[in-house]
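>>> Fold the stuff below for me.
(one chain, ligands or ions: 3)
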Amino acid sequence: MFDWKQDPHRRFNPLTGEWVLVSPHRTQRPWQGQVEPAAAPPQPAYDPECYLCPGNPRAGGVRNPPYDSTFVFDNDFAALKPATPPDRFQRDGLLIAEGEPGICRVVCFSPRHNLTIANMDLPDLRRVVDVWVEQFADLGARPFINYVQIFENRGAMMGASNPHPHCQIWSNHTLPNEPAREQRAFLSRSACLLCDYAALERASAERTVEENDAFLVVVPFWAVWPFETMVLSKRHLTAVDQLADAGRTALADILQRTTARYDRLFGVPFPYSMGFHQRPTDGAPHDEWHFHAHFYPPLLRSATVRKFLVGYEMLGSPQRDITPEAAAHRLRQV
Ligand SMILES: [Zn+2]
Ligand SMILES: [Zn+2]
Ligand SMILES: [Zn+2]
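Ligands and ions are numbered 1, 2, ... in the order given. Predicted coordinates for the structure are as follows:
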């Protein structure tokens, strides 16, 4: 039997059906790769140049209202448009294309330009959870919207164009690739995959990072990104709209504690892409779905050294050096 603290091995991701290569012995190798510039200096509470701050103009001349809590608007450069006809083109089974109707929105978490999930007041972040529930219901109720993807890109390293605390919601007609793969995995088992997985993780605690009454945060056994985490609902819920009052506050709490832990890890505002996976909104009950969130942060060993998915990872399989167990241990220590 190999020693998974030392020996190269691969781990299976039951949600996606893919394998990740783990090479723990390589954590000793010298690094001469790219060094990212250190984080930008602190931001002001209001930035007259920011298109998300209250009262400021956006592209196309629309002006934001003087909002004092959350603020939701349709994306000015939306990747999806509601009036797109869902027609299909196909030639010889090789050239296949479909029209994809959808709606893209932006949710500002706060009027204050310089806040993040980690340092917002908990009641204000709880209000953001309420907005996610409202938007999931509003967008999901439309007949041409069958999936609602809520996600946050934070930090220039992840392509976030603006530091103002906000997320995006892209909702569309068909199930995107990632939730489609997860749905196949959920449907392939008689018991819930993530209820079973959460029970395993709670029993070992080896990869646990955070926990409260309603949620568990782990570095998944099959994580690809060095400090990737998954936020698992302890109860079997299919989507954010099944969280009762206490559960919504617990979600705000666990997101806050997780992002604060990330920020402490390298002493910088930690960049990441985060998003929820939940049941499709096609009208079926989808009891197979287990509500959860993924955090995908790119940083590897300091504020300035990031992981790239290149070379073997583009052409072969994803690969990591530090084990998920070691990453969870480091996150627990800060
Ligand atoms: Zn702003
Ligand atoms: Zn479950
Ligand atoms: Zn997922």
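
>>> pLDDT averaged over the helix or strand hosting residue 12 - what is it?
For residue 12, the host element (DSSP states H and E) is strand 9-13. For strand 9-13, the mean pLDDT works out to 96.

>>> Show me the contact partners of that strand.
Outside of strand 9-13, the residues within contact range by C-beta atoms under 8 Å, 6 or more residues apart in numbering are 2, 18-22, 220-222, 317. C-beta here means a position set from N, CA and C on the backbone, and glycine is covered the same way.

>>> I'd like to know the beta-bridge partner residues of the residue of the chain found nearest ligand 3.
Residue nearest to ligand 3 within the chain (C-beta to the ion): residue 277, separated by 3.4 Å. Beta bridges link residue 277 to residue 292 when assigned by DSSP bridges.

>>> ok, now which ones touch it?
By C-beta under 8 Å, 6+ apart, the contact set of residue 277 is 178-179, 182, 289, 291-294.

>>> One more: residue 43?
So residue 43 contacts 113-114, 163 (C-beta under 8 Å, 6+ apart).

>>> From residue 197, how far off is it?
Noted for residue 43: a distance of 38 Å to residue 197, by C-beta to C-beta, to the nearest Å.

>>> Give the buried subset of the contacts of residue 277 as a PyMOL selection command.
To isolate the buried ones among the contacts of residue 277 in PyMOL, judged by 16 or more other C-beta atoms under 10 Å, type:
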select buried, resi 179+182+289+291+292+293+294
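
>>> Name the nearest residue to residue 101, sequence neighbours excluded.
With sequence-adjacent residues excluded and distances taken as C-beta to C-beta, 6 or more residues apart in numbering, residue 101 is closest to residue 84, at 4.2 Å.

>>> Could you identify the helix or strand that succeeds the strand holding residue 12?
Per DSSP H and E, the first helix or strand lying C-terminal to strand 9-13 is strand 18-22.

>>> related to what we said a few turns ago, near ligand 3 too, which of the contacts of residue 277?
residue 182 (C-beta under 5 Å from the ion).

>>> gap between the spatially closest residue to residue 119 that is not a sequence neighbour and residue 275?
Leaving aside its sequence neighbours, residue 119 sits nearest to residue 260 (C-beta to C-beta, 6+ apart; 7.7 Å). Look at residue 260 and residue 275: by C-beta to C-beta, they are 19 Å apart.

>>> So these two - more neighbours on which side?
The neighbour comparison of residue 260 against residue 275 (other C-beta atoms under 10 Å) goes to residue 275, with 20 against 17.

>>> Do you know the pLDDT at the residue of the chain closest to ligand 3?
98.

>>> what does the one 3 residues further on give?
According to the predicted model, the pLDDT of residue 280 comes to 98.

>>> Contact partners for it?
With C-beta under 8 Å, 6+ apart, residue 280 has these contacts: 146-147, 175, 179, 183, 286, 289.

>>> Turn those into TSV, columns for distance to residue 228.
Below are those laid out as TSV (distance: C-beta to C-beta, whole Å):
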residue	distance to residue 228
146	27
147	22
175	22
179	17
183	21
286	25
289	21
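
>>> quick one: which of these sit in strands?
residue 147 (DSSP state E).

>>> wait, which of the contacts of residue 280 is closest to residue 91?
Distance to residue 91, by C-beta to C-beta, is smallest for residue 175 among those, at 23.8 Å.

>>> That closest one and residue 85: what is the separation?
From residue 175 to residue 85 the distance is 19 Å (C-beta to C-beta).

>>> go on, residue 56?
Taking C-beta to C-beta, one finds residue 56 at 35 Å from residue 85.

>>> The two: who's more crowded?
residue 56 (17 against 9).

>>> give me the number of residues near the closest residue to residue 302 other than its chain neighbours?
Once flanking residues are discounted, residue 302 sits nearest to residue 266: 5.6 Å by C-beta to C-beta, 6+ apart. Residues near residue 266, counting by other C-beta under 10 Å, number 19.

>>> Could you double-check that residue 266 sits in contact with residue 303?
Yes: using C-beta atoms under 8 Å, residue 266 is in contact with residue 303, at 4.4 Å.

>>> Which stretches in the stretch 101-250 of the chain count as strands?
Per DSSP state E, counting those that start in this stretch, the stretch 101-250 of the chain carries strands over the ranges 102-108, 147-154, 166-172, 208-211, 215-218, 229-233.

>>> now the helices: where do they sit in the protein?
122-140, 177-187, 193-204, 245-266, 312-315, 324-333 (DSSP state H).
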